[in-house]
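Chemist: Got a predicted structure plus its sequence, pasted below:
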Amino acid sequence: MSAAAPARAPFGRRLRSAMAQAGPLCLGVDPHPSLLRQWGLPDTPAGLEAFSLTGLEAAVGPDGPRVAAIKPQVALYERHGSAGLAALERLLAEARDAGVLTIADAKRGDIGSTMDGYAAAWTSDASPLAADAVTLSPYLGFGTLVPTIEAAHAAGRGVFVLALTSNPEGREVQHVGRDAGEGAVARRIAAAAADLNAALRAEDEWGPVGLVLGATVAEDAERLGLDLPGLAGPLLAPGFGAQGATAAGMREGFGRAWPQVLATSSRGILAGGPTVAGLVERIERDRADLG
Ligand SMILES: O=C(O)c1cc(=O)[nH]c(=O)n1[C@@H]1O[C@H](COP(=O)(O)O)[C@@H](O)[C@H]1O
């Protein structure tokens, strides 16, 4: 029996084409209690849904998406249990219908047998929570993520693995080993991701494995010897906007890897709500800055 054809084109190809069309901006959809209050919405599942769909409306213009992807922050939906997750499911479904790529920011990571459950939840066509990509944590060992990545790739989806995170505490773990033979933990994660992409991707295409590389710590990638062009995959760069990273600083910090960067901003854009026009203004300002 021949293997079933994937339901969609590979994630790397789809993301690259979305970035070519809309530019390198990702809208983070983070329904924080303070933002809901600012928007005049209740901190309830209905409030979360209204917030999310307004964000999506701003993300799509008359000529197509204004952003390459949206990235809902799963924790802020989980606060409301199953009803909160239903709001997330609605956002994912509406984004799919609107032709906007989705990245579920769930940062999952566990032993192999449990990862199978996460793979089913976030990458399987049978799950209402499946997104185009999901964020994963490699700190139980990169190898625990491989079956999930293969499952995602088989379904035309992708992942972003934490390498260098935007928060100052990240270096306590991610810089460890910098003076040892194989280099820092982050460098080893990047090398493992590049190896897997080399095995899974078609020539001249991005593989399904992206890295999370904080916009606030872009220079550390070079300092620690990460081979970012060698990844042949996308770099999700949070920290743009509210955490202080600027477009000019990112372009300089990422250097040759700039064409791989998907800059993501949540509060910096969402603070422009509650009107769609206010959000669109901030999205367009960021797009112009990113060039
Ligand atoms: O994986 C992420 O998206 C992520 C990784 C990282 O290193 N730093 C980081 O801030 N994030 C997420 O990116 C978003 C940043 O939000 P803002 O600071 O409001 O733009 C939040 O949802 C964070 O959880």
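Modeler: Cool, got the structure.

Chemist: C-alpha from now on. contacts and neighbour counts both.
Modeler: OK.

Chemist: Kindly list the main-chain dihedrals of the closest residue to Gln21 other than its chain neighbours?
Modeler: Nearest non-adjacent residue to Gln21, counting by CA to CA, 6 or more residues apart in numbering: Ala68, 7.6 Å away. Per-residue torsions, Ala68: phi -70, psi -30 (degrees, to the nearest 10).

Chemist: All the strands of the stretch 51-200 of the chain, in order from the start?
Modeler: Chain-ordered strands for the stretch 51-200 of the chain, with DSSP state E, counting those that start in this stretch as the definition, fall at 60-61, 64-65, 69-72, 101-108, 133-136, 158-164.

Chemist: coming back round to it: and the gap between the residue nearest to Gln21 and the ligand?
Modeler: Distance, Ala68 to the ligand, by CA to the nearest ligand atom, to the nearest Å: 15 Å.

Chemist: now swap in Leu140 and tell me
Modeler: When distance is defined by CA to the nearest ligand atom, Leu140 is 17 Å away from the ligand.

Chemist: give the contact list for the nearest residue to Gly156 once chain neighbours are set aside.
Modeler: Among residues not flanking Gly156 along the chain, Pro10 sits closest, at 4.3 Å (CA to CA, 6+ apart). By CA atoms under 8 Å, 6 or more residues apart in numbering, the contact set of Pro10 is His153, Ala155, Gly156, Arg157, Pro208.

Chemist: do Gly273 as well
Modeler: Contacts here follow CA under 8 Å, 6+ apart; on that basis Gly273 touches Trp39, Leu279.

Chemist: Can you classify it by secondary structure?
Modeler: coil (DSSP: H, G, I helix; E, B strand; the rest coil).

Chemist: any idea how far the residue nearest to Gly156 is from Trp122?
Modeler: Pro10 is 16 Å from Trp122, where distance means CA to CA, to the nearest Å.

Chemist: Please apply the same query to Gly112.
Modeler: Remark: distance between Gly112 and Trp122 (CA to CA) = 15 Å.

Chemist: Can you tell me which residue is spatially central in this protein?
Modeler: Centroid-nearest residue in the chain: Ile103, 4.7 Å away (criterion: CA atoms, centre = their mean).

Chemist: Get me the contact residues on the stretch 151-291 of the chain for the ligand.
Modeler: Counting by CA under 6 Å from any ligand atom, the residues of the stretch 151-291 of the chain close to the ligand are Thr165, Ser166, Gly214, Pro238, Gly239, Gly241, Ala242, Gln243, Ser265, Ser266, Arg267, Gly268.

Chemist: go with 8 Å
Modeler: When proximity is defined as CA under 8 Å from any ligand atom, the stretch 151-291 of the chain approaches the ligand at 160, 162, 164-167, 170, 212-214, 236-243, 264-269.

Chemist: Please produce a PyMOL select command covering the buried subset of those.
Modeler: Buried subset of those, written as a PyMOL selection, criterion 16 or more other CA atoms under 10 Å:
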select buried, resi 160+162+164+165+166+170+212+213+214+236+237+238+239+240+241+243+264+265+266+267+268+269
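
Chemist: Quick check, the residue in the stretch 1-150 of the chain closest to the ligand?
Modeler: The nearest approach of the stretch 1-150 of the chain to the ligand comes at Gln73, 4.9 Å away (CA to the nearest ligand atom).

Chemist: nearest spatial neighbour of Ala50, skipping sequence neighbours?
Modeler: Take Ala50 and drop its neighbours on the chain: the residue closest to it by CA to CA, 6+ apart is Leu41, 7.9 Å away.

Chemist: got the phi/psi numbers for the residue nearest to Gly156?
Modeler: With angles defined as degrees, to the nearest 10, Pro10 sits at phi -60, psi 150.
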